[in-house]
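**Q** following is a predicted model, sequence given first.
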Amino acid sequence: MSPDTIRNVIGIIGNVISFGLFLSPLPTFVQIWKKRSVEQFKPDPYLTSAVNCMAWVVYGLPMINPNGLLVLTTNGVGTFISFIYIAIFVLYSSDNKKRVKILTILLVEICFIVLLLLLVVFLVPTVSKRTLIVGVVAVVLCVINYGAPLSVLKMVIETRSVEYMPFFLSLACFANGAIWTAYALIRIEIFLVIPNGSGALLGLVQLILYATFYKSTQRQIAERRAAEGKGAEVDLSEVVVDRDSAAKKTNKVPNSHGRS
């Protein structure tokens with residue numbers, strides 16, 4: 001097989017994995033939906049994913065990159081899915097300040113992308129320069145997107161728990177970064193190597209932490225459930241004692257003839 005054929009095959013696999021990356025947080029959001037609470041999950045990865053996908057949508061527009069249709073469609077789907085995740089996060093956040101913060105960040109991201117598009121289209125005369133400018137911005141945002149879980153990694157190390165670091169998202173980040181790095185290395189494309197190489201490395205770090213703290217996480221969850229079960233038993237015993245005490249008091253109340 002020729003290098004170009006291999007590259008195309010890897011590219012097709014990469015697109016499939018990209019869709020898997022977009023859908024990987026589904027188990028997390030099913031849990032949020034069922035519990036009606038975001039608990040300790042953070043919105044950072046989904047906010048950075050949204051602006052990253054929007055930037056690549058701009059990159060794939062015909063007036064920016066005539067050959068970017070696949071990039072446009074893939075990241076268009078990613079943008080839509082990211083917006084759904086953010087909407088669920090806003091819906092089930094218990095803190096109003098957090099809701100306002102999330103919506104403000106999203107609005108700033110949208111304004112930034114729209115401004116980038118308008119400036120490039122109206123001020124940059126050639127397609128090649130538009131591709132270069134938007135490509136650089138997209139690469140920077142892609143690196144930030146892969147780095148978004150760093151705030152979660154800090155919490156994982158401090159708590160020695162991976163309960164709030166979704167495994168499938170970490171796995172998908174690693175696989176997506178690795179496959180697109182391989183794609184870019186066949187015909188060296190520095191704009192693809194830098195962000196996806198960084199993504200593969202960060203995904204690998206997350207998987208290592210997951211393996212390191214998996215047992216301690218299960219132990220913490222088991223201890224918490226045991227404590228919650230013990231608390232329920234204590235509450236039930238208090239109810240029984242209170243009921244018996246109330247019954248004894250009722251029996252000691254004098255009747256209408258002055259007898260108890």
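**A** Nice, I can see it.
**Q** in three-state terms, label residue 38 for me.
**A** When classified by DSSP: H, G, I helix; E, B strand; the rest coil, residue 38 comes out as coil.
**Q** from residue 86, how far off is it?
**A** Distance, residue 38 to residue 86, using CB to CB, to the nearest Å: 11 Å. No exception for glycine: its C-beta is placed from N, CA and C like everyone else's.
**Q** who has more neighbours out of the two?
**A** Using other CB atoms under 10 Å, the more surrounded residue of residue 38 and residue 86 is residue 38, with 22 against 19.
**Q** how close does that one get to residue 222?
**A** From residue 38 across to residue 222, the span is 23 Å (CB to CB).
**Q** cool, residue 158 as well?
**A** 20 Å.
**Q** repeat that for residue 202.
**A** 30 Å.
**Q** the two: which is more packed in?
**A** residue 202 (22 against 10).
**Q** that one against residue 176, yeah?
**A** No: look at residue 202 against residue 176 with CB atoms under 8 Å: they stay out of range, at 11.1 Å.
**Q** please name the nearest non-neighbouring residue to residue 157.
**A** Leaving aside its chain neighbours, residue 157 sits nearest to residue 209 (7.3 Å; criterion: CB to CB, 6 or more residues apart in numbering).
**Q** that neighbour: how many residues sit nearby?
**A** 19.
**Q** same check, this time on the one 3 residues further on
**A** Under the neighbour criterion other CB under 10 Å, residue 212 is assigned a count of 14.
**Q** what strand or helix carries it?
**A** helix 190-251 (DSSP states H and E).
**Q** give the rounded mean pLDDT of the strand or helix carrying residue 99.
**A** Using DSSP H and E, the element containing residue 99 is helix 96-123. For helix 96-123, the mean pLDDT works out to 93.
**Q** got the buried residues for it?
**A** By neighbour count with 16 or more other CB atoms under 10 Å, helix 96-123 contains the buried residues 99, 102, 105-106, 109, 113, 116-117, 120.
**Q** got the residue ranges for the helices in the stretch 51-200 of the chain?
**A** 69-91, 96-123, 127-147, 150-159, 167-186, 190-251 (DSSP state H, counting those that start in this stretch).
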